[in-house]
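# predicted structure and sequence below. I'll ask about it afterward.
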Protein chains: 6
Amino acid sequence: MQDDRYRRGLEQLEIVAGPYGAEVIRSLEDIAPDLGRYIIEFAYGDIFARPGLDLKTRELTTVAALTAMGTAAPQLKVHLQAASRVGATRQEIVETILQVIPYAGFPAALNAVAIARDVFAAE
Amino acid sequence: MQDDRYRRGLEQLEIVAGPYGAEVIRSLEDIAPDLGRYIIEFAYGDIFARPGLDLKTRELTTVAALTAMGTAAPQLKVHLQAASRVGATRQEIVETILQVIPYAGFPAALNAVAIARDVFAAE
Amino acid sequence: MQDDRYRRGLEQLEIVAGPYGAEVIRSLEDIAPDLGRYIIEFAYGDIFARPGLDLKTRELTTVAALTAMGTAAPQLKVHLQAASRVGATRQEIVETILQVIPYAGFPAALNAVAIARDVFAAE
Amino acid sequence: MQDDRYRRGLEQLEIVAGPYGAEVIRSLEDIAPDLGRYIIEFAYGDIFARPGLDLKTRELTTVAALTAMGTAAPQLKVHLQAASRVGATRQEIVETILQVIPYAGFPAALNAVAIARDVFAAE
Amino acid sequence: MQDDRYRRGLEQLEIVAGPYGAEVIRSLEDIAPDLGRYIIEFAYGDIFARPGLDLKTRELTTVAALTAMGTAAPQLKVHLQAASRVGATRQEIVETILQVIPYAGFPAALNAVAIARDVFAAE
Amino acid sequence: MQDDRYRRGLEQLEIVAGPYGAEVIRSLEDIAPDLGRYIIEFAYGDIFARPGLDLKTRELTTVAALTAMGTAAPQLKVHLQAASRVGATRQEIVETILQVIPYAGFPAALNAVAIARDVFAAE
């Protein structure tokens, strides 16, 4: 059954992150391979693969959480790309960042928008 | 034009928070009335009233942000109620909280679920 | 294999949290049963059960992390009890909290000590 | 010389916190007496007693920091009282809390104002 | 009246941030122009322009808040420059950063001092 | 007696950080020399030199706290090196980072592992 989680997670990871996902996992192989496995199995195989919320909403809520936290720039970049990949428009992504302002303040939104600019420019 | 923002904000606040919104604002009148005014004008009149993202998604991203922050229990309660009020099902609300686990950890989700239990019980 | 993770996690949870662990899990059954399951399978079955670090050190590093975060009072209480249960002395627990002061400040330590006082008094 | 720091710190603590300061320190005697000593020696004897910034500004910047952090309600209460004690008016205290909104968001300010209301009512 | 807020905010922004302020706003035009407008109207037109606290104290409390948060390096840089521009001495700025140590720890202060060094060197 | 704290702190700092410690302190001399002095006297002379917890456990709990906070990359680097210097194996260091995942989430662990990779490569 763990293999099911791993296979399902890898599939989800590719849907939301494309080839970049596998690259992140590979980059962990030398130092903390189980960290990569947990991300696949738990974050993607258990959580992302759940029913009850469509992938676009999952990605937008993830963007909101990471924007509010302000401590996860590399991961916010991955999920800004992922949001776009699963169908969120640039307007929806920017709106999600603006929605966080009243709760976490302008710096959180400014730093997220700076990452979004790079992501949009690279698309 | 400021009156427009205030009127639009008060309307939005009532849509998402019902009579509770006005109550929060009133409770600020004795000590920081402008804080209440800014919440109406900026958080609701400027941000919530923006086009480009439906109210349910706005509330779910707000729930995700406040869950991840972990420092805003009273406000998370308001927005768990609001999410429900603008059409999110209990399943969608719980899914949004679970989606935050990989990014902000189990305590953030556990504390949000404890508040959600109270909100659901009171409905 | 998932059953293995669940069984191993439940066993670990009982070792570190005693009957209280199962109680927390049960309390989630009405609203987010999968959250309880993930805590058992991932937090305890995957992470806590790993080799390479003894249980006492796992609990003391957990106490340090939760003290520094300052957003997880109920979970800090559980792990202060758990640290004691797996063999940390009160002195080691208090030292761990004091060790966090230079990194996260006095309020984080003061609030953790207040919880530790309740835990020690109840033992 | 350590005695100097302790004496100077105790003096500063009484200036900013009145009898309440000694009470907090006493409450730590049973469980972490050195924590109380460090607060007196380092926070008050070393930092608060420094020249270069008047006590009122020290307290207002402390109120701003604790409001923004959102994880230190008991300590924010102490410093809202202290700000008042060293000469900040209620308006200056409320203005300091409002000044934090653009940087840390409305929940941080709302929760600080709720504590300020209690402090002002008890004066 | 919104024009009043915008004009007042732009004026305040120039007082505290000089030509740099307008530059930040311009940099948002391609991706989130309303974010720039909200910063001018709300952060500067509504909050900074309030009476009851002088600009130097507003900037020092902002420096304290951003130092404590530790998630807003680019914005801390802007406000270290602004504090200096509205009359805070380097000593007052450094004292404000040191004042945050007991509440948010040494890393927050060390990272803020590193930014202050760059700001002072460029002046 | 303050000289005792300074001498004891400098000694501890060299034990845990080697020549790098003195370098950090020197780098503060131009802008905030007292900050360097407080780190030596308080963080190392008062806290690190305490009995009741061995140095390896002090460093691992510090790594856990800084990993969970996510706002102290330069300091986390210092303490990943220090953990290694006082006898923690790479496995124990990586395990400590993984232990933080359930409490602070994957981004905190991923960013800590990225720093650990650099530290291990430079050894």
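That came through, no problem.

# give me the most central residue, chain A.
Residue closest to the average C-alpha location in chain A (CA atoms, centre = their mean): residue A:79, at 2.7 Å.

# my guess is it contacts residue A:64. True?
No. Taking contacts as CB atoms under 8 Å, residue A:79 lies outside contact range of residue A:64: 9.9 Å. No exception for glycine: its C-beta is placed from N, CA and C like everyone else's.

# what helix or strand is the residue nearest to the centre of chain A located in?
Residue A:79 is located in helix A:73-85, with elements delineated by DSSP states H and E.

# using PDB, write out every CA atom in the lowest-mean-pLDDT helix or strand in chain A.
Least confident helix or strand, chain A: helix A:19-27 with a mean of 87, by mean pLDDT, DSSP states H and E. The C-alpha coordinates for helix A:19-27 follow below in PDB (Å, rounded to 0.1, in the frame of the first residue of the first chain):
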ATOM      1  CA  PRO A  19       9.300  17.900 -14.400                       C
ATOM      2  CA  TYR A  20      10.400  20.400 -11.700                       C
ATOM      3  CA  GLY A  21       8.900  18.200  -8.900                       C
ATOM      4  CA  ALA A  22      11.000  15.200  -9.700                       C
ATOM      5  CA  GLU A  23      14.000  17.500  -9.800                       C
ATOM      6  CA  VAL A  24      13.500  18.700  -6.300                       C
ATOM      7  CA  ILE A  25      13.100  15.200  -5.100                       C
ATOM      8  CA  ARG A  26      16.300  14.100  -6.900                       C
ATOM      9  CA  SER A  27      18.200  17.000  -5.300                       C
END
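
# anything in stretch A:85-99 near chain D?
No. Using CB under 8 Å from any CB of the partner chain, stretch A:85-99 stays clear of chain D, coming no nearer than 11.7 Å.

# check whether that stretch comes near chain B.
Yes. Part of stretch A:85-99 sits near chain B under the criterion CB under 8 Å from any CB, namely A:91-92, A:94-96, A:98-99.

# which two in those are spaced the farthest apart?
The most widely separated members of those, counting by CB to CB, are A:91 and A:99 (12.2 Å).

# so between these two, which is more surrounded?
Taking neighbours as other CB atoms under 10 Å in any protein chain shown, residue A:91 and residue A:99 compare with residue A:99 leading, 29 against 12.

# for chain A, what lies in contact range of chain F?
Residues of chain A lying close to chain F (CB under 8 Å from any CB) are A:28, A:30-32, A:34-35, A:38-39, A:43, A:66, A:69, A:71-72, A:74-75.

# and which of those is nearest to residue D:7?
Distance ranking of these against residue D:7, using CB to CB, places residue A:71 first at 40.1 Å.

# now do the SS call for the closest one.
Using DSSP: H, G, I helix; E, B strand; the rest coil, the three-state assignment for residue A:71 comes out as coil.

# could you find the closest non-adjacent residue to it?
In this structure, residue A:71 finds its nearest non-sequential neighbour in residue F:70, 3.3 Å apart by CB to CB, 6 or more residues apart in numbering or on different chains.

# repeat for residue A:112
Using CB to CB, 6+ apart, the closest residue to residue A:112 is residue A:67 (4.1 Å).

# now the angle from the helix or strand hosting that neighbour to helix B:55-69?
Assigning secondary structure by DSSP H and E places residue A:67 in helix A:55-69. Helix A:55-69 runs at 40 degrees relative to helix B:55-69, counting by axes from the mean of the first three to the mean of the last three CA atoms, to 10 degrees.

# for helix A:55-69, packing partners?
Judged by 3 or more CB pairs under 8 Å, 6 or more residues apart in numbering or on different chains; DSSP states H and E, helix A:55-69 is in contact with helix A:2-17, helix A:73-85, helix A:90-104, helix A:106-122, helix B:55-69, helix B:90-104.

# most tightly packed of the ones you listed?
Among those, helix B:55-69 has the highest mean neighbour count (mean count of other CB atoms under 10 Å in any protein chain shown), at a mean of 28.

# got the CA positions of that helix in CSV?
What follows is helix B:55-69, C-alpha atoms only, in CSV (Å, rounded to 0.1, in the frame of the first residue of the first chain):
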residue,chain,number,x,y,z
LEU,B,55,-16.2,35.0,-2.5
LYS,B,56,-15.9,31.4,-1.6
THR,B,57,-12.4,31.2,-2.9
ARG,B,58,-11.5,34.4,-1.1
GLU,B,59,-12.8,32.9,2.2
LEU,B,60,-11.0,29.6,1.7
THR,B,61,-7.7,31.3,1.0
THR,B,62,-8.3,33.5,4.0
VAL,B,63,-8.9,30.4,6.1
ALA,B,64,-5.6,28.9,4.8
ALA,B,65,-3.6,32.0,5.5
LEU,B,66,-5.0,32.4,9.1
THR,B,67,-4.5,28.6,9.8
ALA,B,68,-0.9,28.8,8.6
MET,B,69,-0.2,32.0,10.7
